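Student: For reference, the sequence and a predicted model appear below.
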Amino acid sequence: MNQPPTTARDHQQTPTSQPLMVGLGEILWDLLPGGRQVGGAPANVAWQAAQLGLRSVVVSAVGDDDLGRGVMTHLETLGIDRSHVAIDPQHPTGTAGVVLDAAGNSTFTITEGVAWDHIVLQADMPQLAVQADAVCVGSLAQRGAVSRSTIQAFLAATRPDCLRIYDVNLRQHYYSREILHRTLGACQVVKLNDQEWPVVARLLDLSEDLRSGAAAMLQRYDLRLVAVTCGANGSVLCDAAGLHEHSGSDVTVVDTIGAGDAFTAALIVGLLRGLPIDTVHALAARTAAFVCTQAGATPRLPAELIAAFA
């Protein structure tokens, strides 16, 4: 590096500056029945967080191909910082086939050996890590050794007060006890859904009972918050004060793609802004519900919802 990383003392925000959020991991094309859309959970979270007022950066990799150029153009159009998305001449841009069931729930078939499996720790990344106010990572991009090493090194380089959130996001067989255990140990907040919970609970020897298991996870990994979304049945947050339940919203579902990512983004924004936990929970549920009423993972959020986070 040309300059040493900044320190927490160097990182002084002005009252009008926007917090910096980094989405670190996969970026790909979701091949939907109605056409392709740029996706990948960390990138989706970055986009939704940007809509809600944060400065968002995506750290990932795409191929030196038409699909990769399409991703870069898309990020530029959205106004997302793409300067940390590497162009990999040796591996193609990632894709994921998406099948929707009658209820709008999605099943993914994800290609292997793609660019985001090879996210290299660039010389300027430790400095970006120190500057970050929030970082969102998942499990999928850690299936490959190169990206897994980069993700863990990036998390280790963040400031102690950086909000590190693990959006578990289990896909196919691309996860392990080691990945879960290590990433939970490096983060402050974890978010998963009720279908992922029993899988995670078994791997980590926790109770499959959501409420008692979440409390045990919170204590074991010294977490700030455990968030579990339960589809139409709402969501549950667990923090040091106990459980916070939300009954969910009655909406007409177009598809559920990106709803969990929107929930995560709303959590990040609400927590960074110091909103009361029940307010954060309600806004996260509202944001996810809106995304369910739209096609695809990254619809534009309505102005009244954005204003609610101010």
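Tutor: Perfect, I can see it now.
Student: C-alpha only now, for contacts and for neighbours.
Tutor: Fine.
Student: what number of residues lie near the residue nearest to Leu305 when sequence neighbours are not counted?
Tutor: Sequence neighbours aside, Thr287 is the residue nearest to Leu305 in space, at 7.4 Å (criterion: Cα to Cα, 6 or more residues apart in numbering). Residues lying near Thr287 (other Cα atoms under 10 Å) number 25.
Student: Can you name the element that comes right after the host helix or strand of Thr287?
Tutor: Following DSSP states H and E, one finds Thr287 within helix 277-292. For helix 277-292, the following helix or strand on the C-terminal side (DSSP H and E) is helix 303-307.
Student: That following helix: which residues count as buried?
Tutor: Ile306 (16 or more other Cα atoms under 10 Å).
Student: Touching that helix from outside, list them.
Tutor: Gln51, Leu52, Thr287 (Cα atoms under 8 Å, 6 or more residues apart in numbering).
Student: ok, now stretch 287-294?
Tutor: By Cα under 8 Å, 6+ apart, stretch 287-294 touches 248-249, 251-263, 266, 297-299, 301, 305.
Student: how about 7 Å then?
Tutor: Contacts made with stretch 287-294 from outside it, assessed by Cα atoms under 7 Å, 6 or more residues apart in numbering, are listed as 249, 251-256, 258-260, 262-263, 266, 299.
Student: Likewise for stretch 227-245?
Tutor: Counting by Cα under 7 Å, 6+ apart, residues outside stretch 227-245 touching it are 190-194, 214-215, 224-226, 246-248.
Student: So what would you say the end-to-end distance of that stretch is?
Tutor: Terminal residues of stretch 227-245 lie 10 Å apart, using Cα to Cα, to the nearest Å.
Student: rounded to a whole number, what's the mean pLDDT of it?
Tutor: The pLDDT scores in stretch 227-245 average 94.
Student: roughly how far out does it sit from the chain middle?
Tutor: Centroid separation between stretch 227-245 and its chain, computed with Cα atoms, centre = their mean, to the nearest Å, is 17 Å.
Student: buried set for that stretch?
Tutor: Ala227, Val228, Thr229, Cys230, Gly231, Gly234, Ser235, Val236, Leu237, Cys238, Asp239, Glu245.
Student: these two touch, right, Leu184 and Gln219?
Tutor: No: because the distance of 11.4 Å does not satisfy Cα atoms under 7 Å, Leu184 is recorded as not touching Gln219.
Student: Among those two, which residue is more densely surrounded?
Tutor: Each of Leu184 and Gln219 has its neighbours counted (other Cα under 10 Å); Leu184 has more, 23 against 14.
Student: the strands in the stretch 101-250 of the chain, which residues?
Tutor: Applying DSSP state E, counting those that start in this stretch to the stretch 101-250 of the chain gives strands spanning 106-110, 134-137, 163-167, 189-193, 225-229, 235-239, 242-246.
Student: what about the fifth one, distance to the chain center?
Tutor: Spelled out, it's strand 225-229. So, by Cα atoms, centre = their mean, the centroid of strand 225-229 is 13 Å from its chain's centroid.
Student: Next: the first one.
Tutor: For strand 106-110, the distance between its averaged C-alpha position and the chain's averaged C-alpha position is 17 Å (Cα atoms, centre = their mean).
Student: Please apply the same query to stretch 292-309.
Tutor: 16 Å.
Student: end to end, how far does that stretch reach?
Tutor: Termini of stretch 292-309 sit 19 Å apart (Cα to Cα).
Student: Pull out the buried residues from that stretch.
Tutor: Cys292, Thr293, Gln294, Ala295, Gly296, Ala297, Thr298, Pro299, Leu301, Ile306, Phe309.
Student: and the lowest-mean-pLDDT helix or strand in the chain, what does it pack onto?
Tutor: Lowest on mean pLDDT, DSSP states H and E among the helices and strands of the chain sits strand 106-110, with a mean of 77. The helices and strands touching strand 106-110, judged by 3 or more Cα pairs under 7 Å, 6 or more residues apart in numbering; DSSP states H and E, are strand 94-100.
Student: For Ala50, give its distance to Met72.
Tutor: 16 Å.
Student: Equivalent analysis for Asp255, please.
Tutor: Asp255 sits 25 Å away from Met72, taking Cα to Cα as the criterion.
Student: same deal with Val190?
Tutor: Going from Val190 to Met72 by Cα to Cα gives 29 Å.
Student: quick one, which of these two is more surrounded?
Tutor: The neighbour count for Val190 versus Met72, taken as other Cα under 10 Å, is higher for Val190 (25 against 21).
Student: For burial, what's the neighbour tally of the closest residue to Ile27 other than its chain neighbours?
Tutor: In space, and not counting its chain neighbours, Ile27 is closest to Gly40: 4.5 Å by Cα to Cα, 6+ apart. Counted with other Cα under 10 Å, the neighbours of Gly40 add up to 26.
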